[in-house]
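J.: Dropping the sequence and predicted coords here.
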Amino acid sequence: MSSLISVNNLTRRYGNICAVNNISFELATGDILGFLGPNGAGKSTTMQMLTGNLAPTLGEISINGVDLLENPKAAKTSLGYLPETPPLYKEMTVAEYLQFCGQLHRINKQALSSVCDSAIERCGLGNVRKRLIRNLSKGYQQRVGIAQAILHSPPVIILDEPTVGLDPIQILEIRQLIKTLGQTHGIILCTHILPEVQAVCNRVQIINQGELVYSADMADMLSRQTGRFEITLSSKLDDIKLSDHRVFTAVEFIDGYHFSAESDLSAEQLTEYIVQQQWGLTRFTTQQTSLEQIFIDLTLADTNTADERTANKDLNNEKRQSNAA
Amino acid sequence: MILVIAKREFRSLFLSPLAWVILAVVQVILAWSFFTSIDVFFSIQADLGTLKNAPGVTDLVISPLFEVASIILLMVTPLLTMRLISEEKRNKTMSLLLSAPVSITEIVLGKYLGLLFFILTMLFLIVLMPLSLSMGTELDYEKLFSGAFGLFLMLAAFSAAGLYMSSLTDNPMIAAISTFGLLLLLRMINMNSASAGGGENVLAYLSLHTHFTALLRGIVNSRDIAYFLLFIFGFVVLAIRQLETQRLQS
């Protein structure tokens, strides 16, 4: 099976409001897809449609090769979902709750307790397994929610803001867990936390006002350089007269020894050039397009995005074709 | 799958104090009513002996007990049904069930069945009281069980209506009040026709009470049973349809 999730022209309207407009994307095994967007962009609506909580107005969803709308029961067996609010029965203990979830997913009786144990262990719930969920802290409740989503080791795991309410160490643990799971499963990670996406995901999509405005491989995105460099020298910039050196364009002075500039030369050539000038180079960095920059560009400046949107649609089309091939 | 959901529903009822309090309160009130009707029976027992075809202990003690039980449970059942679906919606646990490989029909039937288990438990405790009389006297078991069966069908009908009301809202209080209103209306709907003496009109047929009293008198009529089954089936299907529609519209 080439793709775990394939979504085609998905649209959802609430009355006159179009929450999700004509979205298409794919998810393959080994993908950890970061799904980003500002509040109200349609992230959760999309996730709810993917998990069968909400019926789409238009479009097709297939999960692990099974059509979700035509054959929901079979499609949902390949699905683990942690919604924004973890769906916990608070009057049950952690172990009871996970057993119930296991039964819901038709895990047979012999395997049930070992499956629950492994989920409990993976999410670090060992010392609270006999406690009532009601009495657990927010972080532990969140972890029970994650345990529920990965319990039956579904091929597709959808996590809606999984690290909300966790402390920094738990966040690292959960990210590690997601990375490990990502090797054998397909994961969609919905979040506001951009560094998290950068740390965990290998693909990123940005949705704004119901439309998919950006979709790229994380490696591609990070490797794309702006051609802008940040340079610190030990000699005073006043003595150098940078304007005489044509290799630098769009120079911005940061302080007396520190400036940033664009250049047509590669990083290697540029460092060589600076060393030849004997300016006492102390620091040289290339600026990357940060995810944050892209996110802000796409979601804030609506006037500028029109061109980029079409550009990204082309990108999406290319992707779809390559996937289809 | 239906059983898994039913079992959880049944257990979670007992994990909250509500179920225990309801069982206790219902039992105490019915025990008092049982006790008073036995007292009345003893005081008129001597006179009864002089009558031909006199009503027995089953008619004078057990039938009134079931009658009272049906009135009390009309008030109590909405409290049991109110949280069935509305609380899942309010606590957002519904998405666990909806994203699991179970259909909405299974979810609704599971919840309904879970509640029926509880109703059976309650009914068992109620029937124990008249059964205890068998130690001292001869009982009309057929009439007793036909009455208990009627009470069960009545409660199952109450529950189905409550289930539907609970699927309409995410506020348990509103679900409880509207269930209570509906049940009370259906019970009282034949009041004027009963006073007018016409038992055969539409209102009388619609009333839950007409069909219950027949079973209470020991008349097991397929017409009454069909009424209850249709009532239950109708509301369960409505609840399923309601949840399906909510998935489409939200």
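T.: It's in.

J.: Could you list the low-pLDDT ranges of the chain?
T.: Let's take chain A. Applying pLDDT under 70 to chain A flags residues A:1-2, A:223-227, A:288-289, A:301-325.

J.: Chain B is the one I meant
T.: For chain B, the stretches with pLDDT under 70 are B:191-200, B:250.

J.: For the spatially most central residue of it, which three-state class applies?
T.: In chain B, the centroid-proximal residue (Cα atoms, centre = their mean) is B:Leu155; its distance is 1.2 Å. With DSSP: H, G, I helix; E, B strand; the rest coil as the basis, B:Leu155 sits in helix.

J.: From what I see, it and B:Ile119 are in contact.
T.: Yes. Using Cβ atoms under 8 Å, B:Leu155 is in contact with B:Ile119, at 4.8 Å. For every residue, glycine as well, the C-beta is placed using N, CA and C.

J.: List the residues that contact the residue nearest to the centre of chain B.
T.: B:Leu155 is in contact with B:Leu73, B:Thr77, B:Ile119, B:Met122, B:Leu123, counting by Cβ atoms under 8 Å, 6 or more residues apart in numbering or on different chains.

J.: Strands of chain B, start to end?
T.: Counting by DSSP state E, chain B has no strands at all.

J.: roughly how far apart are the residue in it sticking out farthest from the centre and B:Ile44?
T.: Within chain B, the residue lying farthest from the chain centre (Cα atoms, centre = their mean) is B:Thr50, at 37.6 Å. Per Cβ to Cβ, to the nearest Å, B:Thr50 is found 11 Å from B:Ile44.

J.: Nearest to chain B within the stretch 201-325 of chain A, name that residue for me.
T.: A:Gly210 (15.2 Å; Cβ to the nearest Cβ).

J.: which ones are touching B:Leu206?
T.: B:Leu206 neighbours (Cβ under 8 Å, 6+ apart): B:Leu186, B:Ile189, B:Asn190.

J.: For these, could you give me JSON lines that also reports distance to A:Val144 and neighbour count?
T.: Formatted as JSON lines, these follow (distance: Cβ to Cβ, whole Å; neighbours: other Cβ atoms under 10 Å in any protein chain shown):
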{"residue": "B:Leu186", "distance to A:Val144": "42", "neighbour count": "18"}
{"residue": "B:Ile189", "distance to A:Val144": "48", "neighbour count": "18"}
{"residue": "B:Asn190", "distance to A:Val144": "51", "neighbour count": "22"}
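
J.: Among the residues you listed, which lie within helices?
T.: If you go by DSSP state H, those have B:Leu186 in helices.

J.: got a list of what B:Asn171 touches?
T.: So B:Asn171 contacts B:Ser86, B:Arg90 (Cβ under 8 Å, 6+ apart).

J.: cutoff 7 Å now
T.: If you count contacts by Cβ atoms under 7 Å, 6 or more residues apart in numbering or on different chains, B:Asn171 has them with B:Ser86.

J.: before we move on, back to that, from what I see, the residue of the stretch 201-325 of chain A closest to chain B and A:Asn22 are in contact.
T.: No. In this structure, A:Gly210 is not within contact of A:Asn22 by Cβ atoms under 7 Å, at 8.4 Å.

J.: From the neighbour counts alone, determine which of those two ranks first.
T.: A:Gly210 (21 against 14; other Cβ atoms under 10 Å in any protein chain shown).

J.: for residue 105, what are its contacts?
T.: This is for chain A. Contacts for A:His105 were tallied using Cβ under 7 Å, 6+ apart; they are A:Leu151, A:His152, B:Ala100, B:Pro101.

J.: oops, I was thinking of chain B
T.: By Cβ under 7 Å, 6+ apart, the contact set of B:Thr105 is B:Ile240.

J.: From B:Tyr112, how far off is it?
T.: B:Thr105 is 11 Å from B:Tyr112, by Cβ to Cβ.

J.: now A:Thr93
T.: 25 Å.

J.: Of these two, which one has the most company?
T.: B:Tyr112 (25 against 19).

J.: hang on, the more buried one packs against B:Val236?
T.: Yes. The pair B:Tyr112 and B:Val236 passes the contact test of Cβ under 7 Å, sitting 5.9 Å apart.

J.: tell me, what's touching the two both at once?
T.: By Cβ under 7 Å, 6+ apart, B:Tyr112 and B:Val236 have these common neighbours: B:Ala160, B:Leu163.

J.: Thanks again, I'm all set now.
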